[in-house]
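A.B. asks: please work out how this folds:
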Amino acid sequence: MQPYTTPSTTRRALFEASGVLLVTRAPMPAPKPKPGQPGAASDFVQTEPDIFVALLANGDVLAFNGHVDLGTGIRTALGQIVAEELDVPLAAVQVVLGHTGAAPNQGPTIASASIQISAVPLRRAAAQAREFLRARAADKLGVGHDDLLAQNAGFFLKSNPTVRIGYGALLDGEHVELPLAAEVPLKPAGAYRVVGSSTPRVDIPDKATGALVYVHDVRVPGMLHGRVVRPPYVGRDSGDFIGRSLIAVDDRSIRDIRGIVKVVVLGDFVGVVAEREEHAILAARRLKVTWRPHPALPPLSDLEQALRGAPATRRPLKETGDVAAATTQGAALLARTYVWPYQMHASIGPSCAVADCNDETLTVWSGSQNPHVLRIELSKLLQRDESTIEIIRMDVAGCYGRNCADDVCADAALLSRAVGRPVRVQLSRQQEHQWEPKGAAQLMDVKGTIDRAGSLLSYDFVSRYPSNDAPTLALLLTGVVSPAPRLLEMGDRTAVPPYSYPNLRIACDDTPAIVRAAWLRGVS
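C.D. replies: Numbers count the residues shown, from 1 in each chain. As a prediction, this is how the structure comes out:
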């Protein structure tokens, strides 16, 4: 495996390049999550403008999007959109996703928003670059804009197709920057040649041939290997015991293992760093760690009773009429309880990350679903400015929903800071399954009545959904953030029905997490 280096495709490199056309947007902070919704807020604003499209003199096109491809194929789809609007071959477009040093911060990769929302500025940027070059071509050829046909990275004269001028010739070594326009002529759907056509996924060949695309395969010069020792809480991340449970670590228990570099202890965070991976694995298994007793989980074999027995606060969502009266007056009552169990992501490969932390910068090779949000979390954890942190997003064997992909990045960052060298951390299968935020369980009590004419009379729906967004684990273990339960509007998002009932009551019983839980795929 060849060592992996930091990508050269950064904003700074492009702003310093010649023979390039950039479509940019003024620096701005990412949109903040709504109150009560998952996500992290930050006021950080980078110094350089965002770049959406970069057209290089050699005909290559770079397209930048802050979201990441979770196996849904957006790298291919976004490339199609840019190729279509810019009238270049799809093979000429390289889509850069989630790299915080290059891609704009467009918020978390959630809610099927990559195409319907975050692709919009990318599409406009490609169309704007095309129209700028069309104007240049018209001037050079002494013809009108409408006399030119854009195709295959150049313009043809409609009246004489043998006359062609390529995009590279129109740039002629210049450095051009265009602020992203609010209104741009977009190609009509009837003229599409790329979008809407069946296109092979661009990510498959490298994955099939073993190219370096997965974070598990990243190797950097001077890299050490780390492993973490998790507390015996069975994946709980709330209560007064997390961050306060470590009694002692006896590093003498691993003195006979070769190549041990350091044992790192920060609050309840425990990790070992070694020259070789197998020695780090052995050290993590044999390290003697003493924890104080911790509360037992309620028996989850009877999940309904566990959910009902948890403390809860009733939060009304919508009330119409008098549900209680209608329930007693209805001609027929149907009452049901539905229990949705906890679900495990069980990613094909346990989470992995590589971090290189020094006094000036932190670089993390990550499989995060939300690289820009991860940057905020690492900024809190290490108490350093976001401008010094770069997340290089790599593919992983599953991160959709919320597994340990961000947790392991924080682990690697702490261990790298402690030893002053790059550190690779991979969780064990047991750690991944034990500590990943499970898809949250849900308890739903539903009652409905009809009147004697058979019309709907009342609808009563109450849900319990114990989820608290599962903060990045190292923040809890080190005591940087409080383990106090955090209640979020998640399981109630689709609880209110789109139907009209004369008597309606929808409520959510906000319940602290029983085990570490967030979302599996959809949030509700």
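
A.B. asks: now the closest residue to Ser253 other than its chain neighbours: phi and psi?
C.D. replies: Once flanking residues are discounted, Ser253 sits nearest to Lys288: 3.9 Å by Cβ to Cβ, 6 or more residues apart in numbering. From N, CA and C alone the C-beta is placed, and that goes for glycine too. Per-residue torsions, Lys288: phi -80, psi 110 (degrees, to the nearest 10).

A.B. asks: next, count neighbours for Lys288.
C.D. replies: 12 (other Cβ atoms under 10 Å).

A.B. asks: quick check: it touching Arg255?
C.D. replies: No - in this structure Lys288 lies outside contact range of Arg255 using Cβ atoms under 8 Å: 11.1 Å.

A.B. asks: re the thing from before, any idea how far the residue nearest to Ser253 lies from Ala413?
C.D. replies: Counting by Cβ to Cβ, to the nearest Å, the gap from Lys288 to Ala413 is 25 Å.

A.B. asks: Lys32 too?
C.D. replies: In this structure, Lys32 and Ala413 are 24 Å apart, going by Cβ to Cβ.

A.B. asks: more crowded one of these two?
C.D. replies: It is Ala413, of Lys32 and Ala413, that has more neighbours when counted by other Cβ under 10 Å, with 28 against 13.

A.B. asks: hang on, the more buried one in a helix?
C.D. replies: Yes - according to DSSP: H, G, I helix; E, B strand; the rest coil, Ala413 belongs to a helix.

A.B. asks: OK, contacts around it?
C.D. replies: 355, 357, 362, 364, 378, 381-382, 474 (Cβ atoms under 8 Å, 6 or more residues apart in numbering).

A.B. asks: same thing with Pro316?
C.D. replies: 505-507.

A.B. asks: please enumerate the strands of the stretch 301-450 of the chain.
C.D. replies: Ranges of strands in the stretch 301-450 of the chain, per DSSP state E, counting those that start in this stretch, are 313-320, 332-340, 352-357, 362-366, 389-393, 423-426, 438-439, 442-450.

A.B. asks: state the mean pLDDT of the last one.
C.D. replies: What it means is strand 442-450. Per-residue pLDDT over strand 442-450 has a mean of 95.

A.B. asks: what pairs with that strand, parallel or antiparallel?
C.D. replies: Here strand 442-450 has these sheet partners by DSSP bridges: strand 332-340 (antiparallel), strand 456-464 (antiparallel).

A.B. asks: repeat for the fourth one
C.D. replies: Partner strands for strand 362-366, per DSSP bridges, with pairing direction: strand 352-357 (antiparallel), strand 389-393 (parallel).

A.B. asks: so what touches that strand?
C.D. replies: 4, 6, 215, 218, 220, 353-357, 374, 378, 382, 384, 388-394, 405-406, 409, 412-413, 416-417.

A.B. asks: possible to save the contacts of Ala413 as TSV with neighbour count and pLDDT?
C.D. replies: Converted to TSV, these look like this (neighbours: other Cβ atoms under 10 Å; pLDDT from 0 to 100):
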residue	neighbour count	pLDDT
Ala355	28	98
Cys357	26	98
Leu362	24	98
Val364	29	98
Leu378	28	97
Leu381	22	97
Leu382	19	98
Ala474	29	96
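
A.B. asks: pLDDT value on the residue lying closest to Asp268 once chain neighbours are set aside, please?
C.D. replies: Leaving aside its sequence neighbours, Asp268 sits nearest to Leu477 (Cβ to Cβ, 6+ apart; 4.2 Å). Note on Leu477: pLDDT of 93.

A.B. asks: please report how far Leu477 lies from Tyr233.
C.D. replies: 10 Å.

A.B. asks: between the two, what contacts are shared?
C.D. replies: With Cβ under 8 Å, 6+ apart, Leu477 and Tyr233 have common neighbours Ile242.

A.B. asks: quick one, helices of this protein?
C.D. replies: 11-15, 74-86, 113-116, 119-141, 167-171, 204-209, 277-286, 303-309, 323-329, 371-382, 405-419, 429-435, 473-477 (DSSP state H).

A.B. asks: can you lay out those helices as TSV showing distance to Val515?
C.D. replies: Putting these into TSV (distance: least, Cβ to Cβ, whole Å) gives the following:
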stretch	distance to Val515
helix 11-15	41
helix 74-86	31
helix 113-116	29
helix 119-141	36
helix 167-171	55
helix 204-209	33
helix 277-286	23
helix 303-309	10
helix 323-329	32
helix 371-382	21
helix 405-419	15
helix 429-435	10
helix 473-477	13
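
A.B. asks: between these, which gets nearest to Pro27?
C.D. replies: Smallest distance to Pro27 across those (Cβ to Cβ): 9.9 Å, for helix 11-15.

A.B. asks: quick one: list the elements packing against the closest one.
C.D. replies: Packing partners of helix 11-15 (3 or more Cβ pairs under 8 Å, 6 or more residues apart in numbering; DSSP states H and E): strand 20-25, strand 50-56.

A.B. asks: buried set for the first one?
C.D. replies: Buried positions in strand 20-25, judged by neighbour count with 16 or more other Cβ atoms under 10 Å: 20-24.

A.B. asks: what's the answer for the last one, then?
C.D. replies: Neighbour-count burial for strand 50-56 flags 50-56 (criterion: 16+ other Cβ under 10 Å).

A.B. asks: what's the answer for stretch 443-456, then?
C.D. replies: 443-445, 447-449, 456.

A.B. asks: just to revisit the earlier point, and the residue nearest to Asp268, how far is that from Ala138?
C.D. replies: 62 Å.

A.B. asks: list the contacts for Thr388?
C.D. replies: 360-362.

A.B. asks: measure it to Ala418 for me?
C.D. replies: Counting by Cβ to Cβ - Thr388 and Ala418 are separated by 17 Å.

A.B. asks: out of the strands of the stretch 301-450 of the chain, which gets nearest to Pro179?
C.D. replies: Short answer: strand 389-393, nearest of the strands of the stretch 301-450 of the chain by Cβ to Cβ, at 25.0 Å.

A.B. asks: sorry, back to before: deepest of the helices of the chain, which one?
C.D. replies: Most buried of these by mean neighbour count (mean count of other Cβ atoms under 10 Å) is helix 405-419; its value is a mean of 27.

A.B. asks: just for this protein, where's the confidence low?
C.D. replies: Scanning the chain for pLDDT under 70 picks out 1-6, 34-39, 235, 237-241, 486-491, 522-524.

A.B. asks: Val229: which of the helices and strands packed on helix 11-15 is closest?
C.D. replies: strand 50-56 (40.5 Å).

A.B. asks: tell me what the closest one is packed against?
C.D. replies: helix 11-15, strand 20-25, strand 61-65, helix 74-86, helix 119-141.

A.B. asks: quick one: it to chain centroid distance?
C.D. replies: Distance of strand 50-56 from the chain centroid (Cα atoms, centre = their mean, to the nearest Å) equals 22 Å.

A.B. asks: partners of it in the sheet?
C.D. replies: Here, using DSSP bridges, strand 50-56 pairs with strand 20-25 (antiparallel), strand 61-65 (antiparallel).

A.B. asks: can I get those in CSV with distance to Asn152?
C.D. replies: Putting these into CSV (distance: least, Cβ to Cβ, whole Å) gives the following:
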stretch, distance to Asn152
strand 20-25, 17
strand 61-65, 12
